[in-house]
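S.K.: build me a structure from this.
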Amino acid sequence: MGSYILRRILINIPVLIVVTILVFILIEIAPGDMVDFFITDESEQYLTEADYVALREKLGLNDPAPVRYIKWVGELVQGNLGFSYIEAYPVSDLLWSSMKNSILLMGAGLIMGIVFGIPLGIYTALRQYSKADFLLSGLSFVGLSMPAFISGIIGMYIFAVKLNWVPAGGMRTPGENNIWDLLHHLILPGFILATMHMARIMRYTRFSMLEVLNQDYVLTATAKGMKRSVVINRHALRNALLPVVTVIGLSIPQLIVGAVFLETIYTWPGMGKLYYGAVVSRDYPVIMGANLIIAIMVLASNLLTDIAYSMVDPRIQYE
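M.R.: Okay, here's the model as predicted:
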């Protein structure tokens with residue numbers, strides 16, 4: 001297992017290099033640059049063309065693109081993600097403070113999606129073509145098809161505005177600094193984020209369970225008189241979980257995208273809100289650093305998914 005993990009990490013190094021190239025190219029072909037952010041009606045009255053040229057020189061924008069890329073990668077190797085033009089803070093500090101809040105939100109959404117999605121998938125598989133199966137399957141289609149920003153607005157209107165059960169936004173109440181207040185703010189965005197993943201996990205669990213329940217070894221175990229719960233938990237569920245683990249691992253990128261919208265809607269101080277602000281203000285160092293961190297998170301989730309295979313199915317061995 002250790003050698004397998006080491007190989008996967010080494011394989012991901014060229015992938016990360018390609019990611020850095022793509023991130024740099026996307027910023028390079030974007031219209032305008034950071035200097036355009038400072039061009040306003042007021043600034044044009046005081047700044048001359050020579051001032052703008054000096055600013056571009058100070059920011060290193062006059063260097064050729066390959067030179068700027070090499071300089072950027074050289075700083076990355078040293079752990080320096082750059083300096084935010086707008087916030088006047090190191091990008092690494094901004095990303096770290098925001099990433100902790102995003103991981104909390106995404107973790108809550110993922111955990112709720114797993115905790116509710118797998119049992120509901122087992123429940124519908126054991127009651128195929130029942131009213132509950134049709135109802136939950138229909139709701140799962142709604143959860144899969146509704147974008148995060150639509151469900152976020154609907155959830156805010158119903159539970160925060162109309163029913164006043166939860167706060168409409170933010171991460172903490174001013175003056176409050178306890179876990180219960182944090183959970184009170186986390187419930188709504190976490191549940192909305194979990195909805196689409198809950199629906200996907202439920203459907204894949206249902207399909208996988210139905211396939212396993214018709215296998216000969218499950219039918220044989222049932223014919224021998226084993227308890228239904230033992231057949232389900234020991235024989236069917238563990239074999240049905242492998243594709244579900246794959247779905248959970250592949251849900252991480254969608255989880256990140258959903259968090260970007262929800263953090264903006266609910267003013268949750270995470271990477272999504274930081275990323276949105278950086279795009280609006282053309283804070284390119286923050287955008288490039290956030291893209292790189294997101295890519296690393298996706299690669300790490302794929303590695304963790306592969307490792308989880310051997311935990312779910314002991315027959316899988318990594319040479």
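S.K.: I'd like to know how far the residue lying closest to residue 160 once chain neighbours are set aside sits from residue 149.
M.R.: Using C-beta to C-beta, 6 or more residues apart in numbering and skipping the chain neighbours, the partner closest in space to residue 160 is residue 168 (3.9 Å). C-beta coordinates here come from the backbone N, C-alpha and C atoms, glycine included. Distance of residue 168 to residue 149, given as C-beta to C-beta, to the nearest Å: 15 Å.
S.K.: so for residue 187, what's the pLDDT?
M.R.: Note for residue 187: predicted pLDDT of 91.
S.K.: correction: the previous question concerned residue 179.
M.R.: With respect to pLDDT, residue 179 has a value of 88.
S.K.: let me see the backbone angles for residue 90.
M.R.: phi -60, psi 140 (degrees, to the nearest 10).
S.K.: to what extent is the residue nearest to it when sequence neighbours are not counted buried, counted in neighbours?
M.R.: Closest residue to residue 90 apart from its sequence neighbours, by C-beta to C-beta, 6+ apart: residue 83 at 5.9 Å. Number of residues near residue 83 (other C-beta atoms under 10 Å) recorded here: 17.
S.K.: so residue 83 touches residue 91, yeah?
M.R.: Yes - with contacts counted by C-beta atoms under 8 Å, residue 83 reaches residue 91, the gap being 6.6 Å.
S.K.: and the helix or strand hosting residue 75, which residues are buried?
M.R.: Per DSSP states H and E: residue 75 is located in helix 65-77. In terms of neighbour count (16 or more other C-beta atoms under 10 Å), helix 65-77 has its buried residues at 68-69, 72, 76.
S.K.: out of those residues, the closest to residue 3 would be?
M.R.: Residue 3 lies nearest to residue 76 out of these, by C-beta to C-beta, at 27.1 Å.
S.K.: distance of that closest one from residue 83?
M.R.: Relative to residue 83, and taking C-beta to C-beta, residue 76 is found at 13 Å.
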